[in-house]
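Peer 1: What would the 3D arrangement of this be:
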Amino acid sequence: MRLNFTVALILLLSSLAFSQKDVDSLRYVLDNYKQADTIRVNLLNRLGFEYWVIDPAKSEIYGQEALGLAKDLNFSNGKAFANRVIGVANWARGNYKKALEYLFEGLTLYKSTGDSLGQANCLMNIGLVFADQHNNEKALKYYFDAVGIFNELNKIDRVATTYNKIATIYLSIGKYDEAYSYLIKALDIHQKNDFSYGISETNNRLGLLFKEQQDYPRAFQYLIRSYDLSKRINDRDGMAKNLENLGHLYLIQKDYDSAILFFERGLELATEVGLKKWLKDIYYGMKQVYEQKGNYALALKYANRYNEMRDSLFNQEMATHIANMQTQIETLEKERELKLQASQIQVLEQKMRYDTMIKWFLFAGVVFIFVVGYLIIRYQRNRIKTDKELYESRERISKVELENARLKREELEHELNYKNKELTSYTMNFIQKNEVIQELKDAIQQLMKSAETGTRQDLGKLIRLIDNTLGVDKDWENFKLFFEQVHQDFFDQLKGQYSDLTGSDLKLCALIRLNLSMKETSALLGISAESVKTARYRLRKKLNLASGENLMDFLMKL
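Peer 2: Below is the predicted model:
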């Protein structure tokens with residue numbers, strides 16, 4: 001299908017009306033709210049966010065005012081939102097470096113306040129900036145990170161918005177099936193939520209998808225639908241983008257008059273709002289139109305504008321330097337003219353030829369210096385920009401990794417302290433229980449001395465029962481469990497180095513490692529202090545310790 005110029009004009013003019021009801025309401029509330037508090041910060045941020053699709057420059061003004069007030073009030077949430085507003089406003093105007101600076105600052109502030117939704121929104125916005133810079137790998141990473149958080153928060157509308165961005169990436173790299181799948185899912189969610197901006201954006205991407213697949217009737221249908229919705233909600237960024245897309249759609253079909261109509265309307269809107277990224281594409285489209293129409297003068301005009309917009313690194317300082325050099329050349333020429341007036345005609349003619357030659361050499365030199373200087377400066381700035389972005393990216397990653405390591409270390413220290421307390425508590429309870437049982441055994445033995453024969457037999461049974469209780473392994477197994485949680489691999493290292501150690505030897509090693517006294521060790525093992533000394537002596541021999549080597553220090557090293 002190829003629509004003629006008249007139909008295109010009617011479609012364009014029929015959708016010019018739009019409403020600023022929401023923005024006007026917010027401005028009215030803000031104008032009548034005079035207090036410099038957090039409520040005003042929120043109003044400024046909300047208004048700045050609404051303005052980014054209408055007038056990104058005004059959006060940044062409101063965001064900067066909100067940021068200044070939020071800093072005065074130390075209002076973290078307000079500062080985070082303001083950074084996001086300023087970042088998005090700069091993205092809309094093509095100021096990518098500035099956009100990333102503010103968006104990453106907003107992301108850091110959202111993390112510090114624990115605002116997961118704010119983090120996800122910033123991640124998605126950062127993805128947009130990288131996508132515009134054709135860094136698809138980074139853009140997809142930030143998009144999918146955002147989708148993960150949106151899903152956790154059950155923010156289905158934000159999921160749909162991010163699906164649009166993911167589809168745009170897939171569209172740009174020719175993965176049309178993946179792009180179509182994400183766009184259909186996004187459109188279904190936006191339509192259920194009656195979210196006009198999201199519906200408009202999805203229709204735009206579907207139009208571009210069908211344009212790439214050369215299905216021009218369907219492409220036109222979706223782009224016009226997106227354009228109408230953008231007008232209805234006063235999304236001037238979306239309007240300019242759709243006008244540029246429609247212009248290129250007509251250009252492909254060689255309907256040059258319709259293409260020019262849409263390009264000129266888009267150019268007017270993009271210039272008014274300051275949308276550099278769409279201005280560049282529109283200039284390129286106009287260049288192609290006039291090139292194909294054979295109007296090479298206009299084609300050259302728009303080609304120059306395209307190159308100027310694409311290469312915004314023009315160096316004013318170099319321009320001033322060249323102007324100064326030109327002034328010096330003119331001064332030299334005047335001085336030569338004065339000298340020539342007092343000379344003979346033959347000398348005058350000779351010098352005039354010489355001056356002309358010098359002039360051309362100087363002019364050629366100036367041009368050469370300008371070109372070489374411009375290329376060097378452009379290369380250096382691009383290199384510095386790339387190196388700085390890489391450095392900043394690595395620095396941010398390092399900060400995140402250091403913070404994660406610190407939190408992990410604190411968590412491990414807390415867990416170790418807790419387990420140490422549990423081990424200490426359990427050990428003391430174990431000691432107290434054994435001491436009580438030992439005292440009970442000593443008391444019974446005293447009673448046996450003065451008891452009758454039958455009674456002594458009964459008391460003997462009690463003593464044997466007590467001895468069995470002291471030898472129960474269940475308490476030792478529990479003790480071993482607590483001990484190994486605090487001192488991991490302690491027993492494994494001992495067994496690995498000294499395979500002839502018995503279970504009793506290992507128990508004694510653990511008690512010595514805890515720096516228990518001879519009495520406490522005796523109570524835990526259910527033996528006398530002399531027996532503990534003997535056991536320690538035998539243990540030293542098994543561990544092959546020299547006479548001057550401390551047993552406690554040796555075990556502490558494990």
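Peer 1: Helix or strand: which one has residue 101?
Peer 2: Assigned by DSSP states H and E, residue 101 belongs to helix 96-113.
Peer 1: Quickly list the domain ranges of this protein.
Peer 2: 20-134, 155-234, 243-310, 316-413, 415-557 (automatic domain parsing).
Peer 1: give me every residue that touches the residue nearest the centre of the chain.
Peer 2: Centroid check for the chain by C-alpha atoms, centre = their mean gives residue 123 as the closest residue, at 5.4 Å. Residue 123 is in contact with 107, 142-143, 145-146, 149, counting by C-beta atoms under 8 Å, 6 or more residues apart in numbering. For the C-beta atoms, the positions are set from N, CA and C on the backbone; glycine is no exception.
Peer 1: Apply 6 Å and report the result again.
Peer 2: 142, 145-146 (C-beta atoms under 6 Å, 6 or more residues apart in numbering).
Peer 1: So which of those residues sit within helices?
Peer 2: Of the contacts of residue 123, the ones assigned to helices by DSSP state H are 142, 145-146.
Peer 1: can you put those residues in JSON lines and add distance to residue 499, neighbour count and pLDDT?
Peer 2: Converted to JSON lines, the ones in helices among the contacts of residue 123 look like this (distance: C-beta to C-beta, whole Å; neighbours: other C-beta atoms under 10 Å; pLDDT from 0 to 100):
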{"residue": "142", "distance to residue 499": "56", "neighbour count": "25", "pLDDT": "95"}
{"residue": "145", "distance to residue 499": "52", "neighbour count": "17", "pLDDT": "96"}
{"residue": "146", "distance to residue 499": "57", "neighbour count": "26", "pLDDT": "94"}
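Peer 1: From those, pick the one nearest residue 550.
Peer 2: The closest of the ones in helices among the contacts of residue 123 to residue 550 turns out to be residue 145 (C-beta to C-beta; 54.2 Å).
Peer 1: Now stretch 437-456: buried residues?
Peer 2: Within stretch 437-456, the residues scored as buried using 16 or more other C-beta atoms under 10 Å are 437-438, 441, 444, 448.
Peer 1: again, but for stretch 137-145
Peer 2: 139-140, 142-143, 145.
Peer 1: now for these, which pair is the farthest apart?
Peer 2: The widest separation within these (C-beta to C-beta) is 10.9 Å, between 139 and 145.
Peer 1: follow-up on the earlier one: how about TSV for the ones in helices among the contacts of residue 123, with distance to residue 371 added?
Peer 2: TSV is the format used below for the ones in helices among the contacts of residue 123 (distance: C-beta to C-beta, whole Å):
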residue	distance to residue 371
142	39
145	44
146	44
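Peer 1: which residues does residue 305 contact?
Peer 2: residue 283.
Peer 1: tell me which element it is part of?
Peer 2: Assigned by DSSP H and E, residue 305 falls in helix 296-310.
Peer 1: Measure how far that helix is from the centre of its chain, please.
Peer 2: Remark: helix 296-310 is offset 37 Å from the chain centroid, using C-alpha atoms, centre = their mean, to the nearest Å.
Peer 1: Stretch 192-212 now?
Peer 2: That offset, for stretch 192-212, works out to 26 Å (C-alpha atoms, centre = their mean).
Peer 1: Equivalent analysis for stretch 352-359, please.
Peer 2: 61 Å.
Peer 1: Return the member of the contacts of residue 123 nearest to residue 244.
Peer 2: residue 142 (25.2 Å).
Peer 1: Just to check, that closest one is in contact with residue 125?
Peer 2: No - with contact defined as C-beta atoms under 6 Å, residue 142 does not reach residue 125; the gap is 8.5 Å.
Peer 1: Tell me how many other residues surround residue 223.
Peer 2: As a burial measure, residue 223 scores 26 neighbours (other C-beta atoms under 10 Å).
Peer 1: what pLDDT does residue 358 get?
Peer 2: Residue 358 is assigned 85 on the pLDDT scale.
Peer 1: Next up, the contacts around it.
Peer 2: By C-beta under 6 Å, 6+ apart, the contact set of residue 358 is empty.
Peer 1: Could you check how far it is from residue 154?
Peer 2: 77 Å (C-beta to C-beta, to the nearest Å).
Peer 1: what helix or strand is residue 522 on?
Peer 2: helix 518-525.
Peer 1: Mind listing what's buried along that helix?
Peer 2: In helix 518-525, counting by 16+ other C-beta under 10 Å, buried: 520-525.
Peer 1: Using CSV, lay out those residues together with pLDDT and distance to residue 52.
Peer 2: Putting the buried residues of helix 518-525 into CSV (pLDDT from 0 to 100; distance: C-beta to C-beta, whole Å) gives the following:
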residue, pLDDT, distance to residue 52
520, 81, 71
521, 84, 73
522, 81, 78
523, 77, 75
524, 76, 72
525, 78, 76
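Peer 1: related to what we said a few turns ago, which two of the buried residues of stretch 437-456 have the greatest separation?
Peer 2: Maximum distance among those (C-beta to C-beta): 16.6 Å, for 437 and 448.
Peer 1: Name the member of the ones in helices among the contacts of residue 123 with the shortest distance to residue 504.
Peer 2: Nearest to residue 504 among those, with distances taken as C-beta to C-beta, is residue 145, at 56.2 Å.
Peer 1: which residues in the stretch 351-500 of the chain form helices?
Peer 2: Ranges of helices within the stretch 351-500 of the chain are 453-470, 473-486, 490-497, based on DSSP state H, counting those that start in this stretch.
Peer 1: Nearest to residue 540, out of these?
Peer 2: Using C-beta to C-beta, the helices of the stretch 351-500 of the chain put helix 490-497 closest to residue 540, at 13.6 Å.
Peer 1: Moving C-terminal from the closest one, which element do we reach first?
Peer 2: helix 503-513.
Peer 1: Phi and psi next, for residue 498.
Peer 2: The phi/psi pair for residue 498 (degrees, to the nearest 10) reads phi -130, psi 90.
Peer 1: and the gap between the residue lying closest to the residue nearest to the centre of the chain once chain neighbours are set aside and residue 178?
Peer 2: Using C-beta to C-beta, 6 or more residues apart in numbering and skipping residues adjacent in sequence, the residue nearest residue 123 is residue 146, 4.0 Å away. Separation of residue 146 from residue 178 (C-beta to C-beta) stands at 18 Å.
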